[in-house]
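[1] Only the shape, not the letters, is given here:
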């Protein structure tokens, strides 16, 4: 692996501190060692941290490189190879754990959540015990799925009404998806009544006798913007405050300043607390009345009761841990869902072939719904697997990468691709770099483990069309006795060990 020049040995002062911290045998930008801000000026000029990091892997022609992202801080080590990242995250978890680079960001908003803790922290296991069922098939099908079905049915209704108003003109649908995703996650998280959601407000404002549309502009029809109610707006504001600080030189400092001097954010925290306390109280009443579980908050409260009994104490439904975990659920679910769905609509609109294939697959999977000219029911959807739909979802997530990168901190002195990486180093795994959105970078594969070597596709990967939207790459082929490749998958997730 090429090694970057160490720069001018005569540099002194704060800038020299960067150069002293560089790691051997891992390339980096020499110019960054001569600046207090490191690589940040280049990141700012580029506009996106994750996209800039992806370009650096190609520039250095190395799946492993260093980046100076925090002023006066040690360099990040960036891994731009899916298979190496997969091995570290699944087979070397004791060597790599959450570190301050990631926990400090979320600690500003959700100080009691498991996402702010290392896995070795005793509190981490207690937190995970509270939220462990939120991603199980039973919870997803019984609690999350009904909310998703209801809100997206409402979204389709809203678009139908807008289409009638538009009379052949086009209209922007992006914000509708974003708001629908917010409705879904808030209702699934807190059990908010559907009548209080943004979609219901939007539909009510679009009743035919309401003149809500603005004048025509270049073939587009615009509709009156319906503001979020104050609690939904508060939740969105708190969630967005995390995204605003990620690219700053010091996220904790910048969030403190934002929290201290922004009246809007201050008020958002007050309203968020008000909503949480009200819905926690409502959940306690529901359980006392023997009502069925309605939301994630109910599930966490039940887990808290069990944990409190085990520990010989009274349940603390209003603890910072519970409120933080609920906000983590919302922050983690809203923007990622919204982004993935909007990108998915964009990809399918641009790729008519894939759209037709998906439509055919859905019509074949739900023949009764097709014959009755209706949408499939929730039960039909939950009971029927559609492989091409799964492939479409995988391809959307690959190209849209809702999580651009994952951060970990090295717990012990170790090696990555043969290069020494000391304890305390922040390691970044890219979701948008070579081997995912572009061909993998050649390197000495003797540095890889046998686990990685056994899972990497061979000739298929080099000539693959990484940039195109092709769901078929995720499907198994009808492999005959002479077939050498029985899978068109690009990334090989399904082949990874659990």
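    Yep, it's here. Remember, it's a predicted structure, so these values are computed and weren't measured experimentally. Numbers count the residues shown, from 1 in each chain.
[2] Quickly find the element holding residue 381.
    helix 378-383 (DSSP states H and E).
[3] what about residue 407, which SS state?
    strand (DSSP: H, G, I helix; E, B strand; the rest coil).
[4] can you count the residues close to it?
    Other residues near residue 407 number 17, with proximity taken as other CB atoms under 10 Å. Where C-beta positions appear, they are placed from N, C-alpha and C, glycine not excepted.
[5] That one bridge partners, please.
    residue 428 (DSSP bridges).
[6] I'd assumed residue 425 was in contact with it.
    No - if you go by CB atoms under 8 Å, residue 407 and residue 425 don't touch, sitting 11.0 Å apart.
[7] and residue 105, how many neighbours does it have?
    For residue 105, using other CB under 10 Å, the count is 21.
[8] Show me the chain divided up by domain.
    1-95+405-498, 137-350 (automatic domain parsing).
[9] quick one: which of the ones you listed is nearest residue 118?
    domain 1-95+405-498 (8.2 Å; CB to CB).
[10] Show me the helices in the stretch 301-450 of the chain, by range?
    Secondary structure of the stretch 301-450 of the chain by DSSP state H, counting those that start in this stretch: the helices cover 320-350, 352-365, 367-371, 378-383, 387-400, 450-455.
[11] Over to the stretch 51-200 of the chain?
    Going by DSSP H, counting those that start in this stretch, the stretch 51-200 of the chain shows helices at 82-91, 100-107, 122-131, 137-139, 145-166, 174-190, 198-205.
[12] so of these, which one's packed in deepest?
    helix 174-190 (a mean of 23; mean count of other CB atoms under 10 Å).
[13] which helices and strands does that helix pack with?
    Identification of packing neighbours for helix 174-190 by 3 or more CB pairs under 8 Å, 6 or more residues apart in numbering; DSSP states H and E yields helix 145-166, helix 198-205, helix 230-245, helix 263-288, helix 296-311, helix 320-350.
[14] Would you mind getting the angle between it and helix 198-205?
    130 degrees (axes from the mean of the first three to the mean of the last three CA atoms, to 10 degrees).
[15] quick one, helix 174-190 and helix 230-245 angle?
    110 degrees.
[16] burial count for residue 363?
    Residue 363 has 13 neighbours, counted by other CB under 10 Å.
[17] scratch that, residue 406 is what I was asking about
    17.
[18] hang on, it packs against residue 432?
    No - contact criterion CB under 8 Å: residue 406 and residue 432 do not qualify, at 11.6 Å.
[19] rewinding a little: show residues contacting the helix holding residue 381.
    Contact partners of helix 378-383, identified using CB atoms under 8 Å, 6 or more residues apart in numbering, comprise 141, 145, 146, 149, 366, 368, 369.
[20] how close does the fourth one sit to residue 228?
    With the distance defined as CB to CB, to the nearest Å, residue 149 ends up 22 Å from residue 228.
[21] Can you pull the poorly scored residue ranges out of the chain?
    1-20, 207-217, 453-463, 477-498 (pLDDT under 70).
[22] mind running it again at 50?
    Residues of the chain meeting the criterion pLDDT under 50: 1-19, 208-210, 212, 479-498.
[23] As JSON lines, the domains of the chain with distance to residue 395 would be great.
    Converted to JSON lines, those look like this (distance: least, CB to CB, whole Å):
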{"stretch": "domain 1-95+405-498", "distance to residue 395": "5"}
{"stretch": "domain 137-350", "distance to residue 395": "8"}
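[24] So for residue 357, which of the ones you listed sits nearest?
    For the domains of the chain, proximity to residue 357 was assessed by CB to CB; domain 1-95+405-498 is nearest, at 7.4 Å.
[25] can you give me how far that closest one is from the chain middle?
    19 Å (CA atoms, centre = their mean, to the nearest Å).
[26] Could you do stretch 112-123 as well?
    19 Å.
[27] can you give me the end-to-end distance of that stretch?
    Stretch 112-123 has an end-to-end distance of 9 Å (CA to CA, to the nearest Å).
[28] Dump the helices and strands packed on helix 174-190 to JSON lines, plus distance to residue 21.
    Formatted as JSON lines, the helices and strands packed on helix 174-190 follow (distance: least, CB to CB, whole Å):
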{"stretch": "helix 145-166", "distance to residue 21": "47"}
{"stretch": "helix 198-205", "distance to residue 21": "48"}
{"stretch": "helix 230-245", "distance to residue 21": "24"}
{"stretch": "helix 263-288", "distance to residue 21": "34"}
{"stretch": "helix 296-311", "distance to residue 21": "42"}
{"stretch": "helix 320-350", "distance to residue 21": "32"}
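[29] how about these, which one is nearest residue 101?
    helix 230-245 (12.6 Å).
[30] Tell me the buried residues in that closest one?
    231, 232, 233, 234, 235, 236, 237, 238, 239, 241, 242, 245 (16 or more other CB atoms under 10 Å).
[31] Isn't the fifth one up against residue 269?
    No - in this structure residue 235 lies outside contact range of residue 269 using CB under 8 Å: 10.5 Å.
[32] Name the residues contacting each of these two.
    By CB under 8 Å, 6+ apart, no residue touches both residue 235 and residue 269.
[33] count of neighbours near residue 443?
    Quick note: residue 443 (other CB under 10 Å) scores 18 neighbours.
[34] That one against residue 62, yeah?
    Yes - applying CB under 8 Å as the test, residue 443 and residue 62 come out as touching, 6.7 Å apart.
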